[in-house]
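In: What follows is a predicted structure for the sequence shown.
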Amino acid sequence: MQSLNSAEIRRRFLAFFEGHGHAAIPSASLVPDNDPTVLFTTAGMHPLVPYLLGEPHPQGRRLASSQKCLRTGDIDEVGDNRHLTFFEMLGNWSLGDYFKHESIRWSFQFLTSEGEGLGLDPARLYITIFPGNANAPRDEESIGLWKEAFKERGIEALVDVSIAEGGRIFSDSSNWWGPAGQTGPCGPDTEIYYDLGEGVGPLTDATGMPDLEGSRLVEIWNNVFMQYRKEQDESFQPLEHSNVDTGMGLERICAVVQNVPTVFETDLFTSLLGVIAEWAPGSTPESQRIIADHLKAATFLIGDGVFPSNKDRGYIVRRLIRRAVLHTGLEDDGAQLEVLISKLVEAISILYSGIYAIDVAHTVAVLTDEARKFHKSLSKGKKEIERRESLTGKDAFDLYQTYGFPLELTREYAQSKGVQVDEAEFEAEFKKHQDLSRTASAGQFSSGLADHSEQTVKYHTATHLLHQALRDVLGDHVQQKGSNINSERLRFDFAHPEKMTPEQVERVEQLVNEKITADLPISRAEMSPQEAFEQGYIGLFGHKYGDRVSVYDMGGYSKEICTGPHVEHTGTLGKFSIQKEEAVSAGVRRIKAILE
């Protein structure tokens, strides 16, 4: 097996699929701009949702990318040997073009071939497939294609027998993707596992079948075959155009190719950990992993315009920075901490040089400012402990939620004052908080494919009319700052320095309804970003667009860069009614509206 660094693995992946007719598209922002119904971009497919649903992509039907991703569900688990918040997802897509045959053949070829691929030993690959259920049959086609691929390399791949008997392809009922909501595209998937070798863990369970939950077999690639659509009546109907959606974590495949036991021992982390060990010498190996992961994630979020705050995305950035600061052990040494932050951001910039541009000075300024604010919060928290004679678990949790005090720090300060902490009660309060946060997040930021119903498409179209009406009434400084849309209402955030007057709200509502009554035609075109801006189309400020973009013109009134979907003419929308106008943050307002 070849020893390749992360940049070469990324380059080879994109070059391989470009050689098979794919357009290599740039990574989208970590902040979804396609009617953002997710908190962050969590997978390579999220920016492509409209195209997987049938919208034509400006760069064709075969696409590949290395997409920046961020997942927040396991922040508290980061520090072990596998959890990350920021990562990159390598992926290739077919939008109604090729299907299982090409997808499986190319995956096997890229993983095992020397020169153009990664040179992995095919004898160390194992496969899982969908076994079938009441809604869809067993994925016999994928089984046949995998058997054929292994046979070409002289390997007999038997199905659902023990590994000792030659088993290599195994049924797994979890090999089904979607739909993300109640209805929509879905289908079987097939997962590729790699055997890390002896000394890592068991290869099989007690029955001789693969130990997929163990540490020796690691999933490296998942190929999703969207070939059905779940309907309102719970039936599954074949899609007219089937899609392929694959995903392979760059950090994980780097660990496999570089033959190291954890992602933190790949070149994507070793230089960062070296900086941390030098400038935060008192930190433990676990803490060093947390610092590297969290400040890398915060760096990329800041680069995509997300800044520390107490709400939504900003809260995540603040939490990442403050957790990292605590693990440096330098929270009371501002000068040393600022040196560490500066050195680390510089190292991150060098690591991703030529891939992603990082404004080092700006990022360091944001991080150090938040570190200073955290120092002040910690000082206040210490005073709270000092003035109390006892600390209930709820008190300890309030310190955590208000001042960022983790339980271990509260315990340390409390014990120095001869005060005990009810840790069981703290854990109960913390779990309650996590459950509430997950519920709120699921409601506010559901999956990007959660709802593309007819009514939701109408609301999406209405946001374009609302955006232009706001610009007409308030001025061209109005820019979209986010949106959240479902089948019951729209929520639209926009830049504006002050509360709208009742007369302004009424005029905006009136303008939107005038354009609905006019039944404006809606047309779509493709062009370069420069052509779009020259022709008066507006887009997200500071967003990085590809070589070609999709644009929508609503009868000459609203002209925006957007991926869709939209209705064909505005007269189908119904009556537009603004329910509320309110502040979101400094300089950002929010409108909630419905269609009647």
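Out: Yes, it's here. The model shown is predicted, which means the values in this text are computed figures rather than measured ones. Numbering: from 1, shown residues only.
In: Please count neighbours and contacts with C-alpha atoms only from this point.
Out: Noted.
In: now residue 528, nearest residue through space, not along the chain?
Out: residue 548 (4.5 Å; Cα to Cα, 6 or more residues apart in numbering).
In: my read: residue 249 touches residue 83, true?
Out: No. Contact criterion Cα atoms under 8 Å: residue 249 and residue 83 do not qualify, at 11.9 Å.
In: Could you give the number of residues near residue 227?
Out: As a burial measure, residue 227 scores 20 neighbours (other Cα atoms under 10 Å).
In: Which element, helix or strand, includes it?
Out: According to DSSP states H and E, residue 227 maps onto strand 217-230.
In: roughly how far is the helix or strand following that strand from the heart of the chain?
Out: Downstream of strand 217-230, the next assigned helix or strand under DSSP H and E is strand 236-249. Mean C-alpha position of strand 236-249 versus that of the full chain (Cα atoms, centre = their mean, to the nearest Å) differs by 19 Å.
In: Specify the angle between strand 236-249 and strand 217-230 in degrees.
Out: In terms of direction (axes from the mean of the first three to the mean of the last three Cα atoms, to 10 degrees), strand 236-249 departs from strand 217-230 by 150 degrees.
In: now the helix or strand that strand 236-249 is followed by: mean pLDDT?
Out: Next helix or strand after strand 236-249 toward the C-terminus (DSSP H and E): helix 250-257. With pLDDT averaged residue by residue, helix 250-257 scores 96.
In: Tell me which helix or strand comes right after helix 250-257, heading toward the C-terminus.
Out: Following helix 250-257 in sequence, per DSSP H and E, is helix 270-279.
In: So which other helices or strands are in contact with that next one?
Out: helix 285-303, helix 334-351 (3 or more Cα pairs under 8 Å, 6 or more residues apart in numbering; DSSP states H and E).
In: I'd like those laid out as JSON lines, including distance to residue 591 and mean pLDDT.
Out: Below are the helices and strands packed on helix 270-279 laid out as JSON lines (distance: least, Cα to Cα, whole Å; pLDDT from 0 to 100):
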{"stretch": "helix 285-303", "distance to residue 591": "25", "mean pLDDT": "96"}
{"stretch": "helix 334-351", "distance to residue 591": "37", "mean pLDDT": "96"}
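In: Take the ones you listed and write them to a markdown table, including mean neighbour count.
Out: Converted to a markdown table, the helices and strands packed on helix 270-279 look like this (neighbours: other Cα atoms under 10 Å):
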| stretch | mean neighbour count |
| --- | --- |
| helix 285-303 | 24 |
| helix 334-351 | 19 |
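In: so can I have CSV of these showing distance to residue 117?
Out: CSV is the format used below for the helices and strands packed on helix 270-279 (distance: least, Cα to Cα, whole Å):
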stretch, distance to residue 117
helix 285-303, 28
helix 334-351, 22
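In: Go through the ones you listed and name the closest to residue 19.
Out: Closest of those to residue 19 is helix 334-351, at 26.4 Å (criterion: Cα to Cα).
In: Could you list the buried residues of stretch 423-435?
Out: 423, 425-427, 429-430 (16 or more other Cα atoms under 10 Å).
In: Give the buried residues for stretch 262-276.
Out: 262-269, 271-273, 275-276.
In: no no, stretch 583-596
Out: Buried, per 16+ other Cα under 10 Å, within stretch 583-596: 583, 588-595.
In: Identify the farthest-apart pair in these.
Out: Among those, 588 and 595 lie farthest apart (Cα to Cα), at 23.3 Å.
In: all helices of the stretch 301-450 of the chain, in order?
Out: 312-328, 334-351, 360-386, 393-403, 407-416, 423-444 (DSSP state H, counting those that start in this stretch).
In: same deal with the stretch 51-200 of the chain?
Out: Using DSSP H, counting those that start in this stretch, helices in the stretch 51-200 of the chain cover 100-112, 140-151.
In: what would the ones you listed look like in a markdown table with mean neighbour count and mean pLDDT?
Out: As requested, those are arranged in a markdown table below (neighbours: other Cα atoms under 10 Å; pLDDT from 0 to 100):
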| stretch | mean neighbour count | mean pLDDT |
| --- | --- | --- |
| helix 100-112 | 18 | 98 |
| helix 140-151 | 16 | 97 |
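In: between these, which gets nearest to residue 127?
Out: Comparing these by Cα to Cα, helix 140-151 comes nearest, at 8.1 Å.
In: and the closest one, what does it pack onto?
Out: helix 100-112.
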